[in-house]
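Undergrad: need coordinates for the below:
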Amino acid sequence: MGSRSQQTRNFSTEIVSSSHFPHIAFTMPRFMLFGDEESPTIGVVVGTDSVASISAAMAAEGLPDLRGSMRAFLTLGADETHRLARAATLNAPRVPLAGCALLAPIYDPQKVVCVGMNYVDHCTEQNIPVPTEPLLFSKFASAIARPGADLPLAPEVGELDWEVELTIVIGKRARRVSEADAMQYVAGYTVAHDVSARDWQLKKNGGQWLVGKTLDGYLPLGPAIVTPEELSDVRNLGIRTRVNGELVQDSNTREMVFHTEAVVAWCSKFFTLLPGDVICTGTPPGVGCFRTPQWWLKAGDVVEVEIDEIGTISNTVVAEKLTSKL
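TA: Sure, this is the predicted structure:
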């Protein structure tokens with residue numbers, strides 16, 4: 001949870017509005033974190049207008065205090081997390097979604113894995129071949145930010161770009177799993193904004209992507225972790241980005257080269273996936289880098305990333321002020 005404390009001093013809290021969540025009745029758990037960023041509450045969305053405290057339900061049963069760790073919660077396993085969601089829905093205190101202080105749904109994954117060039121139409125806009133194997137890179141957990149957090153434009157960055165991504169959240173330890181079994185290891189999905197400093201990703205640092213991808217605050221997540229059963233078809237969801245209200249990315253997850261099963265199986269071939277690990281599955285076309293002329297984010301720009309049936313998150317670009325920190 002240490003990465004969260006670094007962000008608390010700079011980022012403002014997002015208040016949930018109806019725009020964050022689709023207007024549908026939820027039948028399976030949607031897990032979220034809300035409240036104080038230093039002491040978050042694990043919650044489950046109830047209906048379309050409230051959230052029940054799973055943390056309170058666990059306390060009522062005398063269960064250990066997870067201190068708002070979504071990773072620790074997911075480690076309990078799907079049967080237990082779903083049971084606790086039901087218990088919270090029936091017995092725990094509820095608060096209205098409207099006015100609820102929304103946090104990122106997870107801050108403490110052991111790994112943040114990303115897949116590059118994973119949309120056919122994104123490859124087309126770059127005039128590059130469609131990959132035959134997933135292209136993996138990583139971000140640090142310290143890049144995670146909540147919806148509504150300031151998106152910092154560092155003075156070192158001159159080419160700031162947007163990327164909306166469907167994001168897998170792992171629910172069970174996975175090593176060398178098959179594509180046929182891969183969905184057993186998926187806790188759910190959330191929306192990610194894979195913010196990218198293209199100058200540092202593509203022109204500096206020897207062409208190594210890490211620095212340009214993982215500055216603090218460069219991975220807003222949310223609004224919740226949606227269980228797979230809640231989605232009509234994860235392979236056919238609209239996915240889009242708006243900058244200052246203008247639609248700049250507009251595609252569908254059916255354009256993905258490697259879907260969830262292939263991505264999870266491929267990753268688990270090389271390293272162990274653990275509960276809470278996050279896998280961002282790539283972005284569709286329309287990023288600023290490949291436009292003519294190129295379009296870079298500037299201070300004051302508002303970026304909304306959205307995936308049908310999962311939700312929308314919004315962040316505003318703010319010029320980072322240089323202050324020394326002990």
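Undergrad: now the helices for the stretch 51-200 of the chain?
TA: 54-60, 70-75, 78-91, 120-126, 198 (DSSP state H, counting those that start in this stretch).
Undergrad: mean neighbour count for these - can I get that in a markdown table?
TA: In this view, the C-beta of every residue, glycine as well, is placed from N, C-alpha and C. What follows is these, written out as a markdown table (neighbours: other Cβ atoms under 10 Å):
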| stretch | mean neighbour count |
| --- | --- |
| helix 54-60 | 20 |
| helix 70-75 | 21 |
| helix 78-91 | 17 |
| helix 120-126 | 16 |
| helix 198 | 20 |
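Undergrad: comparing those helices, which gets the lowest mean pLDDT score?
TA: Here those differ in mean pLDDT, and the lowest is helix 120-126 at a mean of 90.
Undergrad: just checking, residue 234 touches residue 166?
TA: Yes: with contacts counted by Cβ atoms under 8 Å, residue 234 reaches residue 166, the gap being 7.4 Å.
Undergrad: spit out the residues that contact the two alike.
TA: 189, 253 (Cβ atoms under 8 Å, 6 or more residues apart in numbering).
Undergrad: list of residues touching stretch 235-253?
TA: 119, 121, 162-164, 166, 193, 231, 234, 254, 256, 259, 283-288, 295, 297, 301-310.
Undergrad: so how far is it off the chain centroid?
TA: Distance of stretch 235-253 from its chain centroid, counting by Cα atoms, centre = their mean, to the nearest Å, is 15 Å.
Undergrad: repeat that for stretch 69-87.
TA: The gap between where stretch 69-87 is centred and where its chain is centred comes out at 19 Å by Cα atoms, centre = their mean.
Undergrad: then stretch 307-315?
TA: With Cα atoms, centre = their mean, you get 10 Å for stretch 307-315.
Undergrad: among the contacts of stretch 235-253, which are in helices?
TA: Among the contacts of stretch 235-253, the residues falling in helices (DSSP state H) are residue 121.
Undergrad: which ones among the contacts of stretch 235-253 are found in strands?
TA: 164, 166, 193, 302-307 (DSSP state E).
Undergrad: tell me which two of those sit farthest apart.
TA: Across the ones in strands among the contacts of stretch 235-253, the longest distance by Cβ to Cβ is 21.4 Å; it joins 166 and 302.
Undergrad: more neighbours: which of the two?
TA: Neighbour totals were compared for residue 166 and residue 302, and residue 166 leads with 25 against 14 (other Cβ atoms under 10 Å).
Undergrad: that one reaches residue 283, doesn't it?
TA: No: contact criterion Cβ under 8 Å: residue 166 and residue 283 do not qualify, at 9.2 Å.
Undergrad: between the helices of the stretch 51-200 of the chain, which one is closest to residue 156.
TA: helix 198 (12.7 Å).
Undergrad: tell me which strands and helices that closest one is in contact with?
TA: Applying 3 or more Cβ pairs under 8 Å, 6 or more residues apart in numbering; DSSP states H and E, one finds that helix 198 contacts no other helix or strand.
Undergrad: which residues sit against it?
TA: 159-161, 212, 288-289, 296.
Undergrad: I'd like the average pLDDT over stretch 316-324.
TA: 88.
Undergrad: so what's the gap between that stretch and the chain middle?
TA: Using Cα atoms, centre = their mean, the offset of stretch 316-324 from its chain centre is 22 Å.
Undergrad: could you list the buried residues of that stretch?
TA: Neighbour-count burial for stretch 316-324 flags 317-318, 320 (criterion: 16 or more other Cβ atoms under 10 Å).
Undergrad: related to what we said a few turns ago, please pick the buried ones from the ones in strands among the contacts of stretch 235-253.
TA: For the ones in strands among the contacts of stretch 235-253, buried by 16+ other Cβ under 10 Å: 164, 166, 193, 303-307.
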